[in-house]
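# Give me the fold of what follows.
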Amino acid sequence: MFLGVGSTMIPAHRPRRASLWVWVVMGWLAAIVTNSVTAQSTVPEAESASLRLFPSPASNRDDVIAQLTDRLAEVELKLQQREAIDLQAADKAKQKFVVRPFGRVHIDAGAFSQDDANKTSVGADAHNGVSIRRARLGVEGEGFDRFFYRLDVDFVTFDQSTATRPTIFDAYLDVQKLPVFGNLRVGHFREPFSLERLDSSNDQPFLERSAAVNTLAPFRNVGLMAFDWNADETMTWSYGVFNEATNEFGEDNRDRTGLAGTGRVTWLPFVNDDGSRLLQVGASYSYRKLGKTNRDFASRPEINLKEGALSTPNFVDTGLLQIHDYHVAGLEMSSVLGPLSFQGEYIALAGVQSDNQSLFLHGGYLEAMYWLTGEHRNFNRTQGRYGSVTPKHPFRCDDQGDCDGCFGGAWELTGRVSWFDLDHGSLHGGRLTNLTCGLNWNYAVRSRVMLNYIHSFLERNSVNSNADIFAVRLQYAF
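Next comes the predicted model:
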């Protein structure tokens, strides 16, 4: 089709060709954008992080890296210097003795109910009252990487030789990590005999040790002892030579000075990692050569009020015996099954009196303890005895929130049966059986309130009698 003469011919499909060029240009731009995004997404992650951290040119990034490297080297140098200072301080600390003070106060109250036969057998009325059972202060510590010392003084116990107070209980020095012997202790301390005897009075589940252990097992004396344990801490052993000079309460009796050899071994056939389940057995032996042949074996009914007229009378008593030497042996076993634990011992004394009559005294106990709040007893594997228990929730008072009041602490139920036989041949010292149940509230570590009910069965000179005792202790220790 033509518009006229001299006019240009325009094909009818030209507009479509222009539209095609528009689509070509748009496709080219889309390809450029897509390639740019793809290129950015394929940058390595570390390089992308570096670009984000150092958006400046490469030379600036190198400067920042160099600065950070220098600062890191400076920090490492300061740490090394600090470690060197700490090591120097530790070395200096080893060149002197550390001083750690400690102490305890035990206040007891007791109420007695005796039948007439018991008063006649005992020969005295047991008076109700309150007394301070223990009041001690001391210091202990390590030094020179080889030594340990302890000094403990009691302000209640009488020294029998001078009838004065205070009385030195522990006063000894340990030399540690020695060849052959392991560790040596010299001074005034507990002889290695009996599990219950070696347990601290701060940690025992009852107010007093059992009658047989308290009377027959040796206590503190001046001596020299070697002690050690195996690499797995499943066995301990200790043995020593001692001056045989104190009674069952640690009171000094210098007029009965003699010589004694004492030893003890313990073994853990089974123990788990945290000590919450274990089985422990042990044995003790002591040979005692007396300096003075008069010896009296007697026991109270597992409570000991000590002030003047309040002093609890002995329920069983052999009277003075003429004896030059004797042997004491003991067997022990204990177990921990989580919050439940058991413990028992048997002790026997054998000898010959001056009139050639044989002497055999013996006794023991069985006890069970249960922590109502879920704690468990802690066995010290290098010392072969039980230590303190830390309450899971210490006692505290909270006056904020919806739960006003005081709460916490660890609660423990206890029960024990003990027996002690001082009758043998023509000797009629009596037979004593004590049944004890108790409740302990540990409001802090080694600080607690203890309640004990004791029923004593006494057979003496063919007369049976009974006594009931209610006792409470307020204990504070640090």
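# Count residues in the vicinity of Ser418, would you?
For Ser418, the count of nearby residues is 28 (other Cβ atoms under 10 Å). Every C-beta, even on glycine, is put in place using the N, C-alpha and C of the backbone.
# Partner strands of the helix or strand hosting it, with direction?
Ser418 belongs to strand 410-424 when assigned by DSSP states H and E. Applying DSSP bridges, strand 410-424 is found paired with strand 358-371 (antiparallel), strand 427-444 (antiparallel).
# Same list, those, but as CSV with mean pLDDT please.
Shown next, in CSV, are the strands paired with strand 410-424 (pLDDT from 0 to 100):
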stretch, mean pLDDT
strand 358-371, 97
strand 427-444, 96
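# And the residue nearest the centre of this structure?
Gly387 (2.6 Å; Cα atoms, centre = their mean).
# wait, doesn't that one sit right on Leu198?
No. Counting by Cβ atoms under 8 Å, Gly387 does not reach Leu198; the two are 10.9 Å apart.
# if we can go back for a sec, got the buried residues for the strand holding Ser418?
Applying a neighbour-count criterion of 16 or more other Cβ atoms under 10 Å, the buried positions in strand 410-424 are 410-414, 416, 418-424.
# The stretch 101-250 of the chain: strands as residue ranges?
129-143, 147-154, 167-178, 182-190, 220-229, 235-243 (DSSP state E, counting those that start in this stretch).
# would CSV of the ones you listed with distance to Gln88 and mean pLDDT be doable?
Below are the strands of the stretch 101-250 of the chain laid out as CSV (distance: least, Cβ to Cβ, whole Å; pLDDT from 0 to 100):
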stretch, distance to Gln88, mean pLDDT
strand 129-143, 17, 94
strand 147-154, 20, 95
strand 167-178, 22, 94
strand 182-190, 27, 96
strand 220-229, 31, 95
strand 235-243, 35, 97
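# With Val472 as the reference, name the closest of those strands.
strand 129-143 (9.3 Å; Cβ to Cβ).
# So which elements touch the closest one?
Contact analysis of strand 129-143 by 3 or more Cβ pairs under 8 Å, 6 or more residues apart in numbering; DSSP states H and E lists strand 100-114, strand 147-154, strand 167-178 as its packing neighbours.
# got the contact list for that strand?
Contacts of strand 129-143 with the rest of the structure, by Cβ atoms under 8 Å, 6 or more residues apart in numbering, involve 94-110, 148-157, 169-170, 201, 207, 304-307, 310, 473.
# moving C-terminal of the helix or strand of the chain with the lowest mean pLDDT, what's the next helix or strand?
Scoring the helices and strands of the chain by mean pLDDT, DSSP states H and E places helix 45-53 at the bottom, with a mean of 50. Next in sequence after helix 45-53, counting helices and strands by DSSP H and E, comes helix 58-94.
# List the beta-bridge partners for the residue nearest to the centre of the chain.
Going by DSSP bridges, Gly387 is paired in beta bridges with Asn378.
# what residues are up against Leu178?
By Cβ under 8 Å, 6+ apart, Leu178 lies in contact with Leu184.
# One more: Ser299?
211-212, 214-215, 314-317, 420, 432.
# check which helix or strand covers the nearest residue to Ile469 once chain neighbours are set aside.
Leaving aside its chain neighbours, Ile469 sits nearest to Ile454 (4.2 Å; criterion: Cβ to Cβ, 6 or more residues apart in numbering). If you go by DSSP H and E, Ile454 is part of strand 447-460.
# Not counting sequence-adjacent ones, nearest residue to Val98?
Take Val98 and drop its neighbours on the chain: the residue closest to it by Cβ to Cβ, 6+ apart is Gly141, 3.6 Å away.
# Out of the strands paired with strand 410-424, which gets nearest to Met235?
Here strand 358-371 is closest among those (Cβ to Cβ), at 23.4 Å.
# Can you dump the C-alpha atoms of the closest one in PDB for me?
Provided in PDB are the C-alpha atoms of strand 358-371 (Å, rounded to 0.1, in the frame of the first residue of the first chain):
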ATOM      1  CA  SER A 358      42.100 -63.900 134.200                       C
ATOM      2  CA  LEU A 359      40.500 -60.600 133.100                       C
ATOM      3  CA  PHE A 360      38.100 -60.400 130.100                       C
ATOM      4  CA  LEU A 361      35.900 -57.400 129.400                       C
ATOM      5  CA  HIS A 362      34.000 -56.700 126.200                       C
ATOM      6  CA  GLY A 363      31.300 -54.800 124.500                       C
ATOM      7  CA  GLY A 364      30.100 -53.200 121.300                       C
ATOM      8  CA  TYR A 365      27.400 -51.400 119.500                       C
ATOM      9  CA  LEU A 366      25.300 -51.400 116.300                       C
ATOM     10  CA  GLU A 367      23.800 -48.200 115.000                       C
ATOM     11  CA  ALA A 368      21.900 -46.800 112.000                       C
ATOM     12  CA  MET A 369      21.500 -43.300 110.700                       C
ATOM     13  CA  TYR A 370      19.200 -41.800 108.000                       C
ATOM     14  CA  TRP A 371      19.300 -38.300 106.600                       C
END
